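S.K.: Task: produce atomic coordinates for the following.
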Amino acid sequence: MTQTKKIVMFFVVGLALLVLPLFLQLFGNAWVRIADVALLYVLLALGLNIVVGYAGLLDLGYVAFFAIGAYMYGLLASPQLTDSFEYLAAMFPGGLHSPLWVIIPAGAGLAGLFGVLLGAPTLRLRGDYLAIVTLGFGEIIRVFMNNLDAPVNITNGPKGINQIDSLHFFGLDLGKKLMFGDYEVASVSLYYYLFMALVLISIVICHRLQLSRVGRAWMAIREDEIAAKAMGINTRNMKLLAFGMGATFGGVSGVMFGAFQGFISPESFTLMESVMIVAMVVLGGVGHLPGVILGAVLLSALPEVLRYVAGPLQAATGGRLDASILRQLLTALAMISIMLLRPRGLWPSPEHGKSLQAAKS
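M.R.: Alright, predicted model coming up:
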């Protein structure tokens, strides 16, 4: 493809992404909301791809960093802490409404710190053992958030945190619709543009990381850790960096999720969420950015789109099948079909394909 064709293609795709929420608004804000959630999962998948795709470290507790970012935003942008602590209420009589440029670094930094803390005791673990430890870490964070309502109420336990502020920056409130004359841009569309900007920044960061010395070191560890160590790569520091970088993406995504939902609870950060994020990376194409994005979009949007398929199927069976179970069944069938037909993912890395073909020949 020539340079001119690439520029034209990027321009057309960019224009389509800009117009997409305005077009989806015509069919209802629910469709724009599906696109918003898909972008959040793209952010999560890009972060997990650093750990799983680049460094080859199987992490089944990635949703913990998502929860850390969400609760960071929930605590700093809601009445939860001022209602629980009188001295905070006295210091902030108008409520604790932290600005965006404070909460995002705080959420990303705290998640990154927990990522390093998770990576430190698992440096000698590989494969299934690493997966079990990270799975346990994810569950510990969820149970911790679920029970931290006594003796001092911090997270409000299973009832969750509500009355969370919407995002504000440069005088714009993303929680309210924006009017241009008689034309209305819905709140969910404004969040779409913010999430899209974050996704584009994340793609650039991940691409530059992949081409850097750090990225090549991660891939060397993924292919053969012993050989990488023999070549002089500090595998310990590289693993910790992978866990920290991946967790940072999860923390930022969690902050956006808390602001977008306006309510968070431990039920949003279960083990199934971690499994779905891993499935997005694997089904899309491990280590390949376009494949990871494609997998995240399909697996996050598919269950929502299948709502419109499961309803008629439920009616056709006389209501004997539950619509939610039908959606899970159809999603599982789609995932199994993908793995049978495309075992290396929907859009695998071309380098992997070349190496496999060379090995066969």
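S.K.: Now the one helix or strand V32 maps to: average pLDDT?
M.R.: Taking DSSP states H and E as the criterion, V32 maps to helix 29-49. Mean per-residue pLDDT for helix 29-49: 94.
S.K.: Which elements pack onto that helix?
M.R.: With contacts defined as 3 or more CB pairs under 8 Å, 6 or more residues apart in numbering; DSSP states H and E, helix 29-49 has these neighbours: helix 3-24, helix 187-211, helix 235-261, helix 271-284, helix 289-305. From N, CA and C alone the C-beta is placed, and that goes for glycine too.
S.K.: can we see that at 10 Å?
M.R.: helix 3-24, helix 63-76, helix 187-211, helix 235-261, helix 271-284, helix 289-305 (3 or more CB pairs under 10 Å, 6 or more residues apart in numbering; DSSP states H and E).
S.K.: tell me the angle of that helix relative to helix 271-284?
M.R.: Counting by axes from the mean of the first three to the mean of the last three CA atoms, to 10 degrees, helix 29-49 lies at 80 degrees to helix 271-284.
S.K.: got the angle for helix 29-49 vs helix 235-261?
M.R.: Using the same axes, to 10 degrees: helix 29-49 against helix 235-261 is 170 degrees.
S.K.: Using PDB, write out every CA atom in helix 29-49.
M.R.: What follows is helix 29-49, C-alpha atoms only, in PDB (Å, rounded to 0.1, in the frame of the first residue of the first chain):
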ATOM      1  CA  ASN A  29     -28.300   6.600  23.200                       C
ATOM      2  CA  ALA A  30     -28.100   2.900  24.100                       C
ATOM      3  CA  TRP A  31     -26.100   2.200  20.900                       C
ATOM      4  CA  VAL A  32     -23.700   5.000  21.800                       C
ATOM      5  CA  ARG A  33     -23.300   3.600  25.200                       C
ATOM      6  CA  ILE A  34     -22.300   0.200  23.700                       C
ATOM      7  CA  ALA A  35     -19.600   2.000  21.800                       C
ATOM      8  CA  ASP A  36     -18.400   3.800  24.900                       C
ATOM      9  CA  VAL A  37     -18.100   0.500  26.800                       C
ATOM     10  CA  ALA A  38     -16.300  -1.100  23.900                       C
ATOM     11  CA  LEU A  39     -13.700   1.700  24.000                       C
ATOM     12  CA  LEU A  40     -13.200   1.100  27.700                       C
ATOM     13  CA  TYR A  41     -12.500  -2.500  27.100                       C
ATOM     14  CA  VAL A  42     -10.100  -1.600  24.300                       C
ATOM     15  CA  LEU A  43      -8.200   0.400  26.900                       C
ATOM     16  CA  LEU A  44      -8.200  -2.600  29.200                       C
ATOM     17  CA  ALA A  45      -7.100  -5.000  26.500                       C
ATOM     18  CA  LEU A  46      -4.300  -2.800  25.400                       C
ATOM     19  CA  GLY A  47      -3.000  -2.700  29.000                       C
ATOM     20  CA  LEU A  48      -3.300  -6.500  29.400                       C
ATOM     21  CA  ASN A  49      -1.600  -7.000  26.000                       C
END
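S.K.: In that helix, which residues are buried?
M.R.: 29, 31-49 (16 or more other CB atoms under 10 Å).
S.K.: Run the angle between that helix and helix 289-305 for me.
M.R.: With the same axes, to 10 degrees applied, the angle from helix 29-49 to helix 289-305 works out at 140 degrees.
S.K.: tell me the angle helix 29-49 makes with helix 3-24.
M.R.: Using the same axes, to 10 degrees: helix 29-49 against helix 3-24 is 130 degrees.
S.K.: Which elements pack onto the helix or strand hosting Y87?
M.R.: Element membership for Y87, per DSSP H and E: helix 86-91. Contacts defined by 3+ CB pairs under 10 Å, 6+ apart place helix 86-91 against helix 80-84.
S.K.: Show me what the helix it packs on is packed up against.
M.R.: helix 63-76, helix 86-91.
S.K.: M276: which of these is closest?
M.R.: helix 63-76 (8.9 Å; CB to CB).
S.K.: Could you list the alpha-carbon positions for that closest one in PDB?
M.R.: In PDB, the C-alpha atoms belonging to helix 63-76 read as follows (Å, rounded to 0.1, in the frame of the first residue of the first chain):
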ATOM      1  CA  VAL A  63      -9.600  -6.600  36.700                       C
ATOM      2  CA  ALA A  64      -8.200  -5.700  40.100                       C
ATOM      3  CA  PHE A  65      -6.400  -2.700  38.600                       C
ATOM      4  CA  PHE A  66      -9.600  -1.700  36.900                       C
ATOM      5  CA  ALA A  67     -11.300  -1.800  40.300                       C
ATOM      6  CA  ILE A  68      -8.500   0.300  41.900                       C
ATOM      7  CA  GLY A  69      -8.900   3.000  39.400                       C
ATOM      8  CA  ALA A  70     -12.700   3.000  39.600                       C
ATOM      9  CA  TYR A  71     -12.700   3.200  43.400                       C
ATOM     10  CA  MET A  72     -10.000   5.900  43.400                       C
ATOM     11  CA  TYR A  73     -12.300   8.100  41.300                       C
ATOM     12  CA  GLY A  74     -15.400   7.100  43.300                       C
ATOM     13  CA  LEU A  75     -13.800   8.100  46.600                       C
ATOM     14  CA  LEU A  76     -12.300  11.300  45.400                       C
END
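S.K.: Fine, thanks again, bye for now.
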